[in-house]
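Trainee: Provide a 3D model corresponding to the input given below.
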Amino acid sequence: MSLANPRWGIEVPQGTVAKCIVRHRKPPSQTWRTFLKNHAKDLTSTDFFVVPTATFRLLFVFVVLSHDRRWAIHFGVTSHPTAEWTAQQLMEAFPWHSAPRYLLRDRDGNYGELFRKAADWMGIHEVLTAPHSPWQNAYVERLIGTLRRECLDHVIVLSEAGLRRALKTYFDYYDRSRTHLALGKDAPAHRAIQPPALGQVIEIPQVGGLHDRYERRAA
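Mentor: Reported below is the predicted structural model:
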């Protein structure tokens with residue numbers, strides 16, 4: 001198709017005319033990293049991972065992580081994850097109207113329709129990662145990797161109760177004692193700076209002696 005100029009009788013192709021039209025470019029959409037940074041205070045992520053026992057039984061662990069302070073808010077352990085169980089974990093993680101604005105998760109089938117209904121009822125907007133893209137949920141993936149390296153790789157899990165105890169002990173250390181570079185070498189639960197006047201530095205064994213907490217105390 002071409003456009004004819006009635007004055008000179010010149011036909012100009014439509015493609016040429018289109019190239020000459022001034023187009024207003026749309027502003028670029030924010031990157032995934034920008035989204036995570038802008039909504040850190042309102043964003044929580046969840047994920048599942050599997051832990052084998054000494055008898056080759058598989059246990060599923062569900063974790064909930066707050067992005068703002070890297071706080072491990074909640075975890076649950078089960079051998080048979082269902083949509084009902086997962087929805088219950090979500091409600092236990094955020095009691096009394098403490099739910100975040102956004103929840104970042106993958107497309108695991110363990111969530112199900114009941115989980116989506118519970119999130120909607122709690123006023124949570126779910127943000128789903130792309131299929132096979134764990135890097136989009138990097139914060140909680142990093143937490144799971146840290147948990148394996150610093151705890152689970154050093155213990156023998158015999159039962160659900162034993163795994164639950166080990167995780168509870170480690171998460172207490174993770175939230176209250178373990179420092180993070182992203183938090184200025186602070187712990188998720190803020191630790192006050194202790195001046196030398198408080199005394200000598202002592203070490204307090206934690207997680208069954210796998211890790212230590214260092215504090216200043218008077219002799």
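Trainee: Could you use CA atoms for every contact and neighbour count after this?
Mentor: Will do.
Trainee: quick one: buried residues of stretch 55-70?
Mentor: 58-70 (16 or more other CA atoms under 10 Å).
Trainee: need those in a markdown table with distance to residue 148 and pLDDT, can you?
Mentor: Output for the buried residues of stretch 55-70, formatted as a markdown table (distance: CA to CA, whole Å; pLDDT from 0 to 100):
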| residue | distance to residue 148 | pLDDT |
| --- | --- | --- |
| 58 | 15 | 97 |
| 59 | 14 | 98 |
| 60 | 14 | 98 |
| 61 | 12 | 98 |
| 62 | 14 | 98 |
| 63 | 13 | 98 |
| 64 | 16 | 97 |
| 65 | 16 | 97 |
| 66 | 19 | 95 |
| 67 | 20 | 93 |
| 68 | 22 | 91 |
| 69 | 20 | 91 |
| 70 | 17 | 92 |
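Trainee: need those residues in JSON lines with secondary structure and distance to residue 82, can you?
Mentor: Below are the buried residues of stretch 55-70 laid out as JSON lines (DSSP: H, G, I helix; E, B strand; the rest coil; distance: CA to CA, whole Å):
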{"residue": "58", "secondary structure": "strand", "distance to residue 82": "15"}
{"residue": "59", "secondary structure": "strand", "distance to residue 82": "13"}
{"residue": "60", "secondary structure": "strand", "distance to residue 82": "11"}
{"residue": "61", "secondary structure": "strand", "distance to residue 82": "12"}
{"residue": "62", "secondary structure": "strand", "distance to residue 82": "11"}
{"residue": "63", "secondary structure": "strand", "distance to residue 82": "15"}
{"residue": "64", "secondary structure": "strand", "distance to residue 82": "17"}
{"residue": "65", "secondary structure": "strand", "distance to residue 82": "20"}
{"residue": "66", "secondary structure": "strand", "distance to residue 82": "23"}
{"residue": "67", "secondary structure": "coil", "distance to residue 82": "25"}
{"residue": "68", "secondary structure": "coil", "distance to residue 82": "29"}
{"residue": "69", "secondary structure": "coil", "distance to residue 82": "29"}
{"residue": "70", "secondary structure": "coil", "distance to residue 82": "26"}
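Trainee: which one of the residues you listed is nearest residue 79?
Mentor: Set against residue 79, the nearest of these by CA to CA is residue 59 (4.6 Å).
Trainee: Could you pull up the residues touching that closest one?
Mentor: Neighbour list for residue 59: 50, 51, 52, 53, 77, 78, 79, 80, 160 [criterion: CA atoms under 8 Å, 6 or more residues apart in numbering].
Trainee: count of residues packed around the second one?
Mentor: Right, the one you point to is residue 51. Residues near residue 51, counting by other CA atoms under 10 Å, number 18.
Trainee: Any figure for the gap between the nearest residue to it once chain neighbours are set aside and residue 48?
Mentor: In this structure, residue 51 finds its nearest non-sequential neighbour in residue 59, 5.2 Å apart by CA to CA, 6 or more residues apart in numbering. Using CA to CA, to the nearest Å, residue 59 is found at 10 Å from residue 48.
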